[in-house]
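Engineer: need a 3D model of the sequence below.
(one chain, ligands or ions: 1)
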Amino acid sequence: MNTEMNIWNVKFEDIIYNSSGPECTTLAHLNALWASSSSAIMIKSCSPEPRDGNPTPRYVETDLGSINSMWLPNLWYKEYIGYIPKLKQDYKKPVVCSIVGFKPQDFYDLVTAFQQDSDVDMLEVNLSCPNVVGKPQIAYDFEASEEIIKNICAIPGDKPIGLKLPPYFDPIHVDAMANIILKYDIDFVTCINSVGNTLIIDPETEQPLIKPKGWLGWLGWDYIKPIALANVRWFYKRIWHKTKIIGCGGIKNGVDVFEHLLAWASIVQLGTILAKEGPGCFARISREFQEYMDKKWYTSLDEIIGNLKEL
Ligand code: DHB
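Structural biologist: Numbers count the residues shown, from 1 in each chain. Next comes the predicted model:
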């Protein structure tokens, strides 16, 4: 089955690539993604200054997924902008960059830099991370979100811009965010970011798994797949006519990809499985997806995307 996908003017050879999450921070990580079967190279959320992030242990895997409190370690946005031409030598696939700020002006400055002075193909603005201690993640503050979205959408440039959204747990909040998205030129949303402020306890050691932030961290993988699917579906109902949806959360095999597409994702991102298995996961999951589609006699993505059957 042909699995090429366009997100507006950006062409992906396949529907699976990495999320802004594990294994996309260092230049070695980015080279490994370049060499892998990932259909794009996503660069970890980058900030106006380089960041070391939190002390360790800050990322731990469990049987059901992962918990992290990294606090946005990254090399610095200018370092990534400088490296993108190298990633695009012998052009193989699109480069997408995630952007994060600590005040509204940061988002404006970084989007301007990437839109006007970089070879990046697409931008994902992270409104769903632990930006400022004592404040909610931005996407839970609808006024602050609208201000940022209005400003970044006014910046001239032809690179598609999307939002990485947090998990919403109530349809009213999805309505509030969808109404903002519909007012501006947001090209895609990525649903969902990891589920924050959670505690995992090891009963053997009687300790929490991670150290920072009062031991609270952000969950990925099996823990969050049903929440991710619900958010993809909720946003589909509200914004399908204007905005694409990228599915993220809980994908570890080809069947998980299929479920995200049925919910209405056009393309999907992998996080925890990349850390657990390494870059070979892209080829494996892509193959599994193809095999599952053959088994079900599907011949095109159009037959699948959004076609969750009524009950
Ligand atoms: C971090 C970043 C995220 O986007 C997120 O959802 C959770 C944690 C971080 O770097 O700490």
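
Engineer: can you pull out the helices in this protein?
Structural biologist: 27-35, 77-87, 104-117, 142-153, 171-183, 225-239, 254-263, 272-277, 281-295 (DSSP state H).

Engineer: in JSON lines, list those along with distance to the ligand and mean pLDDT.
Structural biologist: Every C-beta, even on glycine, is put in place using the N, C-alpha and C of the backbone. JSON lines is the format used below for the helices of the chain (distance: least, CB to the nearest ligand atom, whole Å; pLDDT from 0 to 100):
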{"stretch": "helix 27-35", "distance to the ligand": "14", "mean pLDDT": "97"}
{"stretch": "helix 77-87", "distance to the ligand": "15", "mean pLDDT": "98"}
{"stretch": "helix 104-117", "distance to the ligand": "14", "mean pLDDT": "98"}
{"stretch": "helix 142-153", "distance to the ligand": "15", "mean pLDDT": "98"}
{"stretch": "helix 171-183", "distance to the ligand": "16", "mean pLDDT": "98"}
{"stretch": "helix 225-239", "distance to the ligand": "12", "mean pLDDT": "98"}
{"stretch": "helix 254-263", "distance to the ligand": "18", "mean pLDDT": "98"}
{"stretch": "helix 272-277", "distance to the ligand": "12", "mean pLDDT": "98"}
{"stretch": "helix 281-295", "distance to the ligand": "20", "mean pLDDT": "98"}
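
Engineer: which among those helices is found nearest to residue 56?
Structural biologist: When these are compared by CB to CB, helix 272-277 sits nearest residue 56, at 14.3 Å.

Engineer: by contact count, what packs against the closest one?
Structural biologist: Contacts defined by 3 or more CB pairs under 8 Å, 6 or more residues apart in numbering; DSSP states H and E place helix 272-277 against strand 59-62, strand 65-68, strand 217-221, helix 281-295.

Engineer: now the ones you listed in JSON lines, with mean neighbour count?
Structural biologist: As requested, the helices and strands packed on helix 272-277 are arranged in JSON lines below (neighbours: other CB atoms under 10 Å):
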{"stretch": "strand 59-62", "mean neighbour count": "17"}
{"stretch": "strand 65-68", "mean neighbour count": "26"}
{"stretch": "strand 217-221", "mean neighbour count": "27"}
{"stretch": "helix 281-295", "mean neighbour count": "17"}
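
Engineer: could I get the helices of the chain as JSON lines with distance to residue 11?
Structural biologist: Output for the helices of the chain, formatted as JSON lines (distance: least, CB to CB, whole Å):
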{"stretch": "helix 27-35", "distance to residue 11": "17"}
{"stretch": "helix 77-87", "distance to residue 11": "16"}
{"stretch": "helix 104-117", "distance to residue 11": "19"}
{"stretch": "helix 142-153", "distance to residue 11": "23"}
{"stretch": "helix 171-183", "distance to residue 11": "23"}
{"stretch": "helix 225-239", "distance to residue 11": "22"}
{"stretch": "helix 254-263", "distance to residue 11": "18"}
{"stretch": "helix 272-277", "distance to residue 11": "22"}
{"stretch": "helix 281-295", "distance to residue 11": "16"}
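
Engineer: returning to that earlier point: so can I have JSON lines of the helices and strands packed on helix 272-277 showing distance to residue 85?
Structural biologist: Shown next, in JSON lines, are the helices and strands packed on helix 272-277 (distance: least, CB to CB, whole Å):
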{"stretch": "strand 59-62", "distance to residue 85": "30"}
{"stretch": "strand 65-68", "distance to residue 85": "30"}
{"stretch": "strand 217-221", "distance to residue 85": "31"}
{"stretch": "helix 281-295", "distance to residue 85": "23"}
